[in-house]
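>>> sequence and predicted structure, then a few things I'm wondering about:
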Amino acid sequence: MTDTRTRLVHTAQLTDDELKEIRALLDEAFDGDFGDEDFEHGIGGMHALVSEAGRLVAHGSVVQRRVVHGGRALRTGYVEAVAVRAGHRRQGHGGRVMAALEEVIGRAYVLGALSASDEGAALYTGRGWRVWGGRIGALSPQGPVRLAEEEGSTYVWTPPGRALPDPAGQLFFDWRDGDVL
């Protein structure tokens, strides 16, 4: 039996070597399609790290974002940089990452949100995440803009017992460089 360990840690507590190890995992898992801005989006919050025999095999992070819905700015835990090393997939590591991140979201945020690829969607829907049915937008430096390309791939989650915001409404995410979502 392999020694599998899940650790939850803030970016400020990670060493430079740990950050390099996370970046290497993300580069490998995304086949080199994980840029500097993508990495930047995944730091500054809490990281779920899954290791086997001392080697990092899975990662995900949750960072704070503001999402405007129904005239209210919701403190949102936005999930970023979820990846499992090839050869370790379909062994529950993604679920371990998400369980740790959902615990953070449930205790610290009004809402959880993420943008999922077609390949990753099953992990999230199997855990109760739902595709947002309304419009998606961002509060850009020039004002609100619709992000129609993000509709259908933006997922939201609230802990059991807490109601989701009106799913017919619009979600406007705070602006950031690179991919807004």
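The structure has been received and is ready for your questions.

>>> what's the lengthiest helix in the chain in contact with?
Across the chain, the helix with the greatest residue count (assigned by DSSP state H) is helix 93-108. Counting by CB atoms under 8 Å, 6 or more residues apart in numbering, helix 93-108 makes contact with 4, 6, 8, 46, 48, 50, 57-62, 75, 77, 79, 82, 84, 111-112, 123-124, 127, 157, 159, 162, all of which sit outside it. Bear in mind the C-beta positions are built from the backbone N, C-alpha and C, glycine included.

>>> quick one: secondary structure of residue 145?
strand (DSSP: H, G, I helix; E, B strand; the rest coil).

>>> ok, it touching residue 137?
Yes - the pair residue 145 / residue 137 is scored as a contact, 5.9 Å apart, by CB atoms under 8 Å.

>>> what average pLDDT does the longest helix of the chain get?
With pLDDT averaged residue by residue, helix 93-108 scores 97.

>>> buried set for that helix?
For helix 93-108, burial by neighbour count (16 or more other CB atoms under 10 Å) applies to 93-94, 96-98, 100-102, 104-106.

>>> low-confidence stretches in this structure?
Regions of the chain meeting the criterion pLDDT under 70 cover residues 1-2.

>>> tell me, what residue is most central in it?
The C-alpha lying nearest the average C-alpha coordinate of the chain belongs to residue 79 (CA atoms, centre = their mean; 1.4 Å).

>>> partners of that one in the sheet?
In this structure, residue 79 has beta-bridge partners residue 62, where bridges are defined by DSSP bridges.

>>> need the contact list for it.
With contacts defined as CB under 8 Å, 6+ apart, residue 79 is in contact with 60-62, 98, 101, 105, 112-114.
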